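Trainee: Sharing a model prediction with you, sequence too.
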Amino acid sequence: MELTAATEELVRQVANLPQELDAASCFGTPVEREGHTLIPVARVSFGYGLGFGSGTGSSSKRGGDGIDVPNNGEGQGGGGGGGGSATPVAVVDISRDSVEIKPIVDESRIARTGIVTGAWIAFWLLWTVRTISREHAKTRRLAIEKARD
């Protein structure tokens, strides 16, 4: 398959990502204050994907009136995408006497997780009640119809 210059540049840049992401991506620049050295720590993640395709040959496709229309085929395509994130997780506090790792707790993330979990449980409880109610109504209808006969 023949690659265009833009595609080759994209592949080259994506191929270099793992080499560019090293420990410096996770550990920030140290800051010194009042005898303490503070080093921010982050969780860094990334992902990417590329896809290319081409096609040749001939085929037929059905038109709106139901008649097969010849199609010469051909086609090419490609695309890619990616993304990444960095989330602060801790601060390393280095002093003359000790080294401490102080975690950063994201309370909003904990709250969101609780809300989503609660909504998930409520959904399944309501679904179960709905199913039981429908089955009960169906059983009752069948009993009424049987009593009529």
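Mentor: Now that the structure is in, tell me what you want to look at. Residues are numbered from 1 along each chain as shown.
Trainee: Let me see the ranges of the helices in this structure.
Mentor: All helices of the chain, identified by DSSP state H, fall at 5-20, 23-26, 107-148.
Trainee: got a list of contacts for the first one?
Mentor: Think helix 5-20. With contact meaning C-beta atoms under 8 Å, 6 or more residues apart in numbering, helix 5-20 is reached by 3, 46, 48, 50, 52, 78, 80, 82. In short, each C-beta sits where N, CA and C put it, glycine included.
Trainee: Correct me if wrong: the fourth one contacts Gly80.
Mentor: It refers to Leu50. Yes. Leu50 is within contact range of Gly80, at 4.1 Å (criterion: C-beta atoms under 8 Å).
Trainee: how does the protein divide into domains?
Mentor: 1-104, 106-149 (automatic domain parsing).
Trainee: what's the least confident stretch among the ones you listed?
Mentor: Out of the domains of the chain, domain 1-104 stands lowest, with a mean of 78 (criterion: mean pLDDT).
Trainee: quick one, phi/psi of Thr29?
Mentor: With angles defined as degrees, to the nearest 10, Thr29 sits at phi -70, psi 130.
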